[in-house]
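**Student:** my questions concern the predicted model and sequence given below.
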Amino acid sequence: MIEAKHLTKRYGEKAAVDDLSFTVQPGIVTGFLGPNGSGKSTTIRMIMGLDHPTGGQVTVNGRHYHDLRWPLREVGALLEAKAIHPGRPAWAHLWMLAQVNDIPRRRVDEVIAMVGLESAARQRAGRFSLGMGQRLGIAAALLGDPGVLIFDEPVNGLDPDGIRWVRLLLRRLAAEGRTVFVSSHLMSEMALTADEVIIIGRGRFLAQQSIAEITAQPAARFVRVRSPQLDIVRSALDVRGAATTLEDDGSLSVRGLDEAAIGELAASQGLVLHELAPQTASLEDVFMELTSSELEYSGTTSTKGKRP
Ligand SMILES: Nc1ncnc2c1ncn2[C@@H]1O[C@H](COP(=O)(O)OP(=O)(O)O)[C@@H](O)[C@H]1O
Ligand SMILES: [Mg+2]
């Protein structure tokens, strides 16, 4: 279990992580979602004892990282900036980590096999592709067979096969009863991998919910309307307080009124509808909705599908 209480990290005036409290439970994959620059890596560095909180605290299995007797056996992490000596073969890197943590040599071969690096294990890590580097980082995280695993943007730079492989690995680790905490700035990826997500923006807590709860919330529901009298339909809906968006395909997305209310409104004014279809917004849209006011670099974010 990972527990953050009022966790805060300031760099000068700026709070990279701002009064963040959450609990990450074992047995499920918990996604850690937020736009770039929202404080995910900083939070993870504080969990791993690599950064000191300005305020609050975070514990792994009830202890601060530095108080863990054999850290690598309790919590393994794939960090964003990996500290691997480029001239050292992958195998030697893992063996060095194993020795410091009193982990037997056969475990090194085991994790190399688990991540599919057998044929590359004697190569220098500096020659590794991005994907192989990620696999080596994951092997290091798994080395101590820890009950808590943290992955910071593990699929960055991976091809579709690699992404699928990471997804299945995370799901398997959680099914084994471990605590699995994985960060991403991509809701679509998390929707396929995580059971639950913690969403942050500008270092602040926004939501912690199951993927199922997120899709069920009102913001995730809308009705697609088509009509040969779309302009009139739209103003009638606006008058009733619904939020309407004209989509590229010529349909109208309506929020705030359900299909029955829309149908009755149209009928009462003698308006013709060609389509009246309840929809579930993509998780990406819901995520955008939750974080749109919190975006760090809004210029880098697509506004497609964003509502006024
Ligand atoms: N060592 C540092 N010094 C100053 N600012 C930092 C440092 N590390 C991170 N930041 C700032 O803190 C914010 C959060 O960064 P980060 O945790 O890397 O976000 P994320 O991982 O969500 O993209 C960003 O604005 C970033 O520029
Ligand atoms: Mg990051």
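**Tutor:** Structure's in. What do you need? Ligands and ions are numbered 1, 2, ... in the order given.

**Student:** ok, Asn101 - contacts?
**Tutor:** Trp70, Pro71, Leu72, Arg73, Leu143, Gly144 (CB atoms under 8 Å, 6 or more residues apart in numbering). Backbone N, C-alpha and C define where each C-beta goes, glycine included.

**Student:** could you rerun that using 7 Å?
**Tutor:** Trp70, Leu72, Arg73, Gly144 (CB atoms under 7 Å, 6 or more residues apart in numbering).

**Student:** from Pro26, how far off is the third one?
**Tutor:** It stands for Arg73. According to CB to CB, to the nearest Å, Arg73 and Pro26 sit 16 Å apart.

**Student:** next: the first one.
**Tutor:** Trp70 sits 18 Å away from Pro26, going by CB to CB.

**Student:** re earlier: and the contacts of Asn101 as JSON lines, adding neighbour count and secondary structure?
**Tutor:** Below are the contacts of Asn101 laid out as JSON lines (neighbours: other CB atoms under 10 Å; DSSP: H, G, I helix; E, B strand; the rest coil):
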{"residue": "Trp70", "neighbour count": "12", "secondary structure": "coil"}
{"residue": "Leu72", "neighbour count": "21", "secondary structure": "helix"}
{"residue": "Arg73", "neighbour count": "16", "secondary structure": "helix"}
{"residue": "Gly144", "neighbour count": "21", "secondary structure": "coil"}
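
**Student:** Throw these into JSON lines and include pLDDT, thanks.
**Tutor:** Below are the contacts of Asn101 laid out as JSON lines (pLDDT from 0 to 100):
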{"residue": "Trp70", "pLDDT": "88"}
{"residue": "Leu72", "pLDDT": "90"}
{"residue": "Arg73", "pLDDT": "91"}
{"residue": "Gly144", "pLDDT": "94"}
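
**Student:** my read: Leu290 touches Gln208, true?
**Tutor:** No. Look at Leu290 against Gln208 with CB atoms under 7 Å: they stay out of range, at 11.5 Å.

**Student:** can you pick out the residue with more neighbours from the two?
**Tutor:** Neighbour totals were compared for Leu290 and Gln208, and Leu290 leads with 21 against 16 (other CB atoms under 10 Å).

**Student:** check whether the helix or strand hosting the more buried one contacts ligand 1.
**Tutor:** If you go by DSSP states H and E, Leu290 is part of helix 283-291. No. Helix 283-291 lies out of reach of ligand 1 by CB under 6 Å from any ligand atom, never closer than 11.1 Å.

**Student:** name the residues that touch that helix?
**Tutor:** Helix 283-291 is contacted from outside by 33-35, 187-188, 191, 199, 201, 206-207, 211, 214-215, 219-220, 305-306, using CB under 7 Å, 6+ apart.
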